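Structural data only, the sequence is not supplied:
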């Protein structure tokens, strides 16, 4: 289980829309295993493939380390498509492994419906709410080249700019491997 380096927010692969996964493969299975290992080592709860330099439409989620979600099974979402979002607009703090040391409040819809393929490449549908819906939206945004910091405006955006500049210069202090170039793994 190799631990993969996580790409920082300014890496080109993170600003491009990801490509659909065409079919299951041993490489895809290994990528999923490696993504879970990387995410757990970095104490994350979600990780998109492009965050580890792979421009494919895929993310993993594991909320089980979170209080109240211990029974939640890990999810693999391949080629996800959010088909509907509804409910109250909820303001909640978010962070990101590609944007270390930054946590800011983001407003997102409370509920969603998503279609995707699971780790066995079987079609699935899910209605999610509350925290799971938020994590799915956050990871789905990655696949579209969007960061939670893109939702920040005005003073809140200016407040995080010094930290974002440190990340750009490779000066972020993290206890997991960060990629220091923008190479893309196909």
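Okay, I see it. All figures in this text were calculated on a predicted structure; none of them were measured in a lab.

excluding its backbone neighbours, what's nearest the spatially most central residue of the chain?
Closest residue to the average C-alpha location of the chain: residue 139 at 3.3 Å, with Cα atoms, centre = their mean. Closest residue to residue 139 in three dimensions, ignoring its sequence neighbours and counting by Cβ to Cβ, 6 or more residues apart in numbering: residue 59, at 3.9 Å. C-beta here means a position set from N, CA and C on the backbone, and glycine is covered the same way.

any idea how far the one you found lies from residue 140?
The gap separating residue 59 from residue 140 is 7 Å, by Cβ to Cβ, to the nearest Å.

Kindly report the same for residue 177.
For residue 177 relative to residue 140 (Cβ to Cβ), the value is 24 Å.

that older thread, contacting residues for the residue nearest to residue 139?
Counting by Cβ atoms under 8 Å, 6 or more residues apart in numbering, residue 59 makes contact with 46, 47, 48, 49, 76, 77, 80, 139, 140, 142, 143.

you'd agree the residue nearest to the centre of the chain is in a helix?
Yes: with DSSP: H, G, I helix; E, B strand; the rest coil as the criterion, residue 139 is part of a helix.

rewinding a little: which of the contacts of residue 59 sits closest to residue 40?
residue 47 (9.4 Å; Cβ to Cβ).

where's the most far-flung residue of the chain relative to its centre, which helix or strand?
Using Cα atoms, centre = their mean, the residue of the chain lying farthest from its centre is residue 155. It sits 25.0 Å away. Per DSSP states H and E, residue 155 falls inside helix 154-168.

Tell me where this protein has strands.
46-48, 58-61, 75-96, 99-117, 123-129 (DSSP state E).

which one of the ones you listed lies closest to residue 38?
Distance to residue 38, taken as Cβ to Cβ, is lowest for strand 46-48 among these, at 6.5 Å.

quick one: that closest one to chain centroid distance?
Chain-centre distance of strand 46-48: 3 Å, with Cα atoms, centre = their mean, to the nearest Å.

cool, stretch 92-108 as well?
With Cα atoms, centre = their mean, you get 11 Å for stretch 92-108.

Neighbour count: residue 177 and residue 140, which is higher?
residue 140 (21 against 14; other Cβ atoms under 10 Å).

quick one: contacts for the more buried one?
For residue 140, the contact set (Cβ under 8 Å, 6+ apart) comprises 59, 80, 82, 114.

can we see that at 6 Å?
80, 82 (Cβ atoms under 6 Å, 6 or more residues apart in numbering).

where's it relative to residue 125, distance?
From residue 140 over to residue 125 (counting by Cβ to Cβ), the distance is 15 Å.

Nothing else from me, thank you.
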